[in-house]
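Trainee: Here you go, sequence then predicted model.
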Amino acid sequence: MDQKRKAHQEKEDLDPESTMDGYQCCSGVKGQQSKEDGQQPREAGQQLREAGQRAREAAKQTVGISKIDGSLGQAHSRNLLFTFVSTANNSITELKVMGDKPTKVSKFDRFVIPNQTLSEVFSIDSFVPTVSRLTNLRVLSLVSMGIWGPLPYKIHRLYSLEHLDLSSNFLFGSIPPQISTMERLQTVTLDGNFFNDTVPDWLDSLSNLTFLSLKRNKLKGTFPSSICRIKTLAVLALSQNKISGKLPEMDCLTNLHVLDLGENQLDSELPILPKRLVTVLLSKNSFSGEIPQQYDELVQLQHLDLSFNSDKKAFKNHNL
């Protein structure tokens, strides 16, 4: 299956801009990579033009290379932390970039914001296909980079990906359904963006998913019942969105330890919850009724927050 996907990927056209040189700080481990893999991070880097410039400055201050289950190259500067990991066979498996552009704006009109987003010349449509050439990539983390635009459907080309973190950027629109084909994904973190469509109803296709966090977006609509079919889920965080309506019974999520749905517009009675929950955050919604007797069975529960729900008669006459 992987060979077919790789062959199909090689046939697809890539944006010409994606072949330009990129992060020079990768040169610290160049001798330990194959020629093909050595070119890939440089190509990917150019698509983050502004971040790439900072990376080149940081290359002059490279602090060195250490051996940790492969080769780890790291460059530090005041504005950027760039890390990639290659295994014994010189295959890039992790790409992590931590920037200094947190989303400090409450409103984003899908246009470039000086000193917040990357410039107009940046193209996420070109950058994602370039990164997808790292066919063995398992970890992709691009946090606070000022990346802006809709998340391209081509993200699904990263079929080996297990951990995806695109937090604190300026991504908007919908979360592309093509992600549902990325069956190896274990963690998905898209916090602090501007996604403004509904919560995807295909998330149960990710049968290995243990951690899902979509906090601080503009997601709307009802809570998809398909989430309750993700038996592997341990952490579910959808707080600070605009999710409304009724919560389904959630006791089938037998591995769930953390449930964070605070600061939404949920207006049902409280649902039945999984018995292994440790943390439940449901504050600042519109829940009503009484606390279910079933909550007495949540013997591992350490933190339950039901504060600031709109019904003054809610949750009375019950002591946990």
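Mentor: Received, thanks. Numbers count the residues shown, from 1 in each chain.

Trainee: OK, contacts around residue 225?
Mentor: By C-beta atoms under 8 Å, 6 or more residues apart in numbering, the contact set of residue 225 is residue 248. For the C-beta atoms, the positions are set from N, CA and C on the backbone; glycine is no exception.

Trainee: where's it relative to residue 218, distance?
Mentor: To residue 218, residue 225 is 21 Å away according to C-beta to C-beta, to the nearest Å.

Trainee: Likewise for residue 274?
Mentor: Here residue 274 is placed at a distance of 28 Å from residue 218 (C-beta to C-beta).

Trainee: One more: residue 138?
Mentor: 30 Å.

Trainee: Could you list the low-confidence segments of this protein?
Mentor: Where the chain drops to pLDDT under 70, the residues are 1-80, 82, 84, 86-88, 90, 102-104, 311-320.

Trainee: all helices for it, in order.
Mentor: According to DSSP state H, the chain carries its helices in the segments 2-11, 35-46, 49-59, 124-131.

Trainee: Quick check, residue 185 in contact with residue 210.
Mentor: No: counting by C-beta atoms under 8 Å, residue 185 stays clear of residue 210, with 9.5 Å between them.

Trainee: who's more crowded, those two?
Mentor: residue 185 (24 against 17; other C-beta atoms under 10 Å).

Trainee: Let me know the distance separating the closest residue to that one other than its chain neighbours from residue 280.
Mentor: Closest residue to residue 185 apart from its sequence neighbours, by C-beta to C-beta, 6 or more residues apart in numbering: residue 206 at 5.2 Å. Applying C-beta to C-beta, the value for residue 206 to residue 280 is 23 Å.

Trainee: Same check on residue 255?
Mentor: 15 Å.

Trainee: Can you tell me how far the residue nearest to residue 185 is from residue 89?
Mentor: 27 Å.

Trainee: re earlier: residues contacting the residue nearest to residue 185?
Mentor: Applying C-beta under 8 Å, 6+ apart, we find residue 206 in contact with 179-180, 182-183, 185, 188, 230.

Trainee: Which among the residues you listed count as buried?
Mentor: Neighbour counting with 16 or more other C-beta atoms under 10 Å marks 179-180, 182, 185, 188, 230 as buried within these.

Trainee: Show me the beta-bridge partners of residue 243.
Mentor: Beta bridges link residue 243 to residue 221 when assigned by DSSP bridges.

Trainee: Verify the contact between it and residue 224 for me.
Mentor: No: counting by C-beta under 8 Å, residue 243 stays clear of residue 224, with 9.4 Å between them.

Trainee: which residues are in contact with both of the two?
Mentor: Common contacts of residue 243 and residue 224, defined by C-beta under 8 Å, 6+ apart, comprise residue 199.

Trainee: The two: which is more packed in?
Mentor: residue 243 (24 against 17).

Trainee: re earlier: residue 255 and residue 280: which has the busier surroundings?
Mentor: Shown here are residue 255 and residue 280; by other C-beta under 10 Å, residue 280 has more neighbours (23 against 13).

Trainee: what domains does the record give for the protein?
Mentor: 1-197, 205-320 (automatic domain parsing).

Trainee: now the contacts of residue 206 as JSON lines including distance to residue 194?
Mentor: Converted to JSON lines, those look like this (distance: C-beta to C-beta, whole Å):
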{"residue": "179", "distance to residue 194": "17"}
{"residue": "180", "distance to residue 194": "21"}
{"residue": "182", "distance to residue 194": "22"}
{"residue": "183", "distance to residue 194": "27"}
{"residue": "185", "distance to residue 194": "22"}
{"residue": "188", "distance to residue 194": "17"}
{"residue": "230", "distance to residue 194": "25"}
